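**Student:** I'll drop the sequence and a predicted model, then ask my questions.
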Amino acid sequence: MQGSMVFALCGAVLVGIGAYGFVTRLRPLHRIVAFNVVGGGLFLYFGALTRTSAGVDPVAQALVITGIVVALSLTALAVALVLRLADEGEEDKSGAERPGPGTGGGRDGLDDDDGRDGGTDACAADGRRRR
């Protein structure tokens, strides 16, 4: 058995394990990890297929490397979205209303007198607080 065939089989096994994990897991973070295992298996499989008797095809290797970079960036985006959803879910469970933009207390930089903006966002022109 050739060395590239072993890598191709390992890639196929990783795809199977990742697909099983993606189908059976319900938590979003577990699904992201399972999807990355599928991607790693595909990259391994395609990398093994690029080897020929004449050598290695540089175009195919460049495509695999590009795929790895894209997968990494999309994984970071997916994890950021999952964390944002988890953060909003915790706020919704607490029962407190979320302030809208420009009402103070939000992440938009318009917090009431927190010292970062000079205290001018909720003050009248003469410096007194508006009610």
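**Tutor:** Received, thanks. Numbers count the residues shown, from 1 in each chain.

**Student:** quick one: low-confidence ranges for the chain?
**Tutor:** 1, 94-131 (pLDDT under 70).

**Student:** Just give me the residue right at the centre of the chain.
**Tutor:** Closest to where the C-alpha atoms of the chain average out (Cα atoms, centre = their mean) is Ala78, at 2.5 Å.

**Student:** mind listing the strands for the protein?
**Tutor:** 51-52, 55-56 (DSSP state E).

**Student:** Sheet partners, orientation included, of the last one?
**Tutor:** Put plainly, it is strand 55-56. strand 51-52 (antiparallel) (DSSP bridges).

**Student:** can you list the residues that contact the partner strand?
**Tutor:** Surrounding strand 51-52, the residues in contact under the criterion Cβ atoms under 8 Å, 6 or more residues apart in numbering are Ser4. C-beta here means a position set from N, CA and C on the backbone, and glycine is covered the same way.

**Student:** now with 10 Å?
**Tutor:** Residues from elsewhere that reach strand 51-52 (Cβ atoms under 10 Å, 6 or more residues apart in numbering): Gln2, Gly3, Ser4, Met5, Phe7, Ala8, Asp57, Ala60, Gln61.
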